[in-house]
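Colleague: Sequence plus predicted model, see below.
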Amino acid sequence: MISAFRQKLRLLRSTTPIPAAATNTSAPEALTASPHPRALDPKVLAAIARLKLHARHTVDGQLSGIHPSPRLGSSTDFAEYKDYSPGDDPRHIDWKAFARSDRLSIKRFHEERHLDAHILLDVSGSMFFGEGDENKLDYARKLAASLAWLLLRQGDAVGLLTFSKLIHRRLPSSSRSAQLDDLMLAMLDDPTTPPDGTSALVNHLKTLAKPQSRQVESRIADCLKQVGTTLPPRSLLLLVSDMLDELDELEHILAVLASRRFDLVLLHIVHPDELELPYEGLTLFQGLERDGELLVEVEQIRQEYRKAFDTHAQRLARLCQEHAHIYVQALSSRPQHEILLELFRLRRKGPAQ
């Protein structure tokens with residue numbers, strides 16, 4: 001059996017190199033990302049078309065929009081009464097209040113401004129896991145494109161930042177008509193070779209098979225650090241990632257973003273196989289981020305792996321909750337509209353603290 005497995009391994013290495021996550025002795029081929037996903041699904045758009053993605057903080061955009069602003073101006077959102085002074089616009093006098101109090105006063109309203117939103121899309125090697133509609137990167141692109149469509153439709157500005165270990169592509173936020181096309185093209189503009197880093201799936205497996213100390217660079221935290229210092233506060237951040245990274249440094253960054261009034265939504269992309277580790281027998285795992293290979297009997301580690309993965313996801317959700325951010329686990333086998341409706345449901349629970 002081992003001889004046959006090694007023969008298959010040599011055959012695998014002789015083929016064109018592609019990013020892979022797990023190769024079983026019975027698996028026909030490795031799993032890769034589709035280069036041209038159908039990003040906008042009409043059924044998904046129909047499910048969210050009547051919804052509004054409202055800001056959870058007051059915003060201070062440059063253009064008028066649908067979100068409350070700390071500025072005073074013209075809208076239907078009443079702010080306060082002010083005694084009339086020479087130079088005030090007499091059209092704003094509240095004559096009903098004058099009839100009751102015999103004092104001239106004017107109504108002032110909160111201005112409504114547009115929201116500045118930024119999609120932070122993880123394009124690291126681990127996002128290439130899965131095939132077909134369940135490929136993590138394709139699924140992430142589709143969710144991000146649907147949210148961008150909705151935000152642009154309601155008059156908000158949307159930008160994009162793609163990252164792995166480093167930031168690869170920046171597209172400034174804009175509400176112009178061609179922005180959606182530019183966003184979708186930029187989402188496809190990924191690094192052709194997965195960057196250096198550590199595949200946390202393989203790292204978990206290695207830890208379980210042979211405990212060892214390992215220093216892992218936090219690329220997600222590095223990205224959020226740059227975002228927190230370069231983007232304006234009160235922006236909406238849509239982080240779309242599989243979050244296969246160490247969480248210790250991320251905890252501090254989430255607190256900093258909350259203190260600067262950033263509105264963070266984390267769409268945690270997860271493939272079903274990452275939850276269950278469904279492989280059988282002797283299995284070769286290949287790191288998607290140049291992390292080498294690991295040959296294991298899956299039955300020996302499945303229970304501990306599932307526990308480690310669940311602990312990781314639960315801690316992510318708890319960190320987001322502690323800092324008033326939104327966390328949604330996006331299983332790539334679930335219909336996209338279910339994930340988006342869950343996101344809207346969580347945001348309707350109340351304003352950020």
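Modeller: Perfect, thanks for sending it.

Colleague: Could you say which helix or strand holds the nearest residue to residue 325 once chain neighbours are set aside?
Modeller: The shortest distance from residue 325 to any residue other than its chain neighbours is 4.1 Å, reached at residue 264 (CB to CB, 6 or more residues apart in numbering). C-beta coordinates here come from the backbone N, C-alpha and C atoms, glycine included. Taking DSSP states H and E as the definition, residue 264 sits inside strand 263-270.

Colleague: Okay, now the sheet partners of that strand, with direction.
Modeller: Strand 263-270 pairs in its sheet with strand 236-241 (parallel), strand 326-331 (parallel), by DSSP bridges.

Colleague: Let's see the last one as CSV, backbone CA atoms only.
Modeller: This file holds the C-alpha atoms of strand 326-331, laid out as CSV (Å, rounded to 0.1, in the frame of the first residue of the first chain):
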residue,chain,number,x,y,z
ILE,A,326,-20.1,41.7,13.6
TYR,A,327,-19.0,38.1,13.0
VAL,A,328,-20.6,35.8,10.5
GLN,A,329,-19.3,32.3,9.7
ALA,A,330,-19.7,31.8,6.0
LEU,A,331,-19.7,28.1,5.2
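
Colleague: Name the residues that touch it?
Modeller: For strand 326-331, the external contacting residues (CB atoms under 8 Å, 6 or more residues apart in numbering) are 139-140, 143, 264-272, 275, 313, 316-317, 320-321, 339, 342-343, 346-347.

Colleague: What average pLDDT does that strand get?
Modeller: Mean pLDDT, strand 326-331: 96.

Colleague: Which elements pack onto the helix or strand just after that strand?
Modeller: For strand 326-331, the following helix or strand on the C-terminal side (DSSP H and E) is helix 336-347. In terms of contacts (3 or more CB pairs under 8 Å, 6 or more residues apart in numbering; DSSP states H and E), helix 336-347 is packed against helix 42-48, helix 136-153, strand 263-270, strand 326-331.

Colleague: by how many degrees do the longest one and strand 263-270 diverge?
Modeller: Here the directions of helix 136-153 and strand 263-270 differ by 150 degrees (axes from the mean of the first three to the mean of the last three CA atoms, to 10 degrees).

Colleague: Buried residues, helix 136-153. List them.
Modeller: Under the neighbour-count criterion of 16 or more other CB atoms under 10 Å, helix 136-153 has 136-152 buried.

Colleague: got any ranges where the protein has weak pLDDT?
Modeller: Scanning the chain for pLDDT under 70 picks out 1-38, 55-82, 87, 92, 107-114, 190-218, 290-291, 350-353.

Colleague: can you pull out the strands in it?
Modeller: In the chain, the strands defined using DSSP state E lie at 22-24, 64-73, 77-83, 105-113, 116-122, 157-163, 167-174, 236-241, 263-270, 282-286, 293-297, 326-331.

Colleague: how much space is there between residue 223 and residue 230?
Modeller: Using CB to CB, to the nearest Å, residue 223 is found at 11 Å from residue 230.

Colleague: Who has more neighbours out of the two?
Modeller: residue 223 (22 against 11; other CB atoms under 10 Å).

Colleague: show me what contacts that one?
Modeller: With CB under 8 Å, 6+ apart, residue 223 has these contacts: 120, 161, 163, 167.

Colleague: Make sure the second one is actually in contact with residue 169.
Modeller: Yes. The pair residue 161 / residue 169 is scored as a contact, 7.1 Å apart, by CB atoms under 8 Å.

Colleague: For those two, indicate the residue with more neighbours.
Modeller: Set side by side, residue 161 and residue 169 show more neighbours around residue 161, with 22 against 15, by other CB under 10 Å.

Colleague: What's opposite that one in the beta bridge?
Modeller: Applying DSSP bridges, one finds that residue 161 bridges with residue 120, residue 170.
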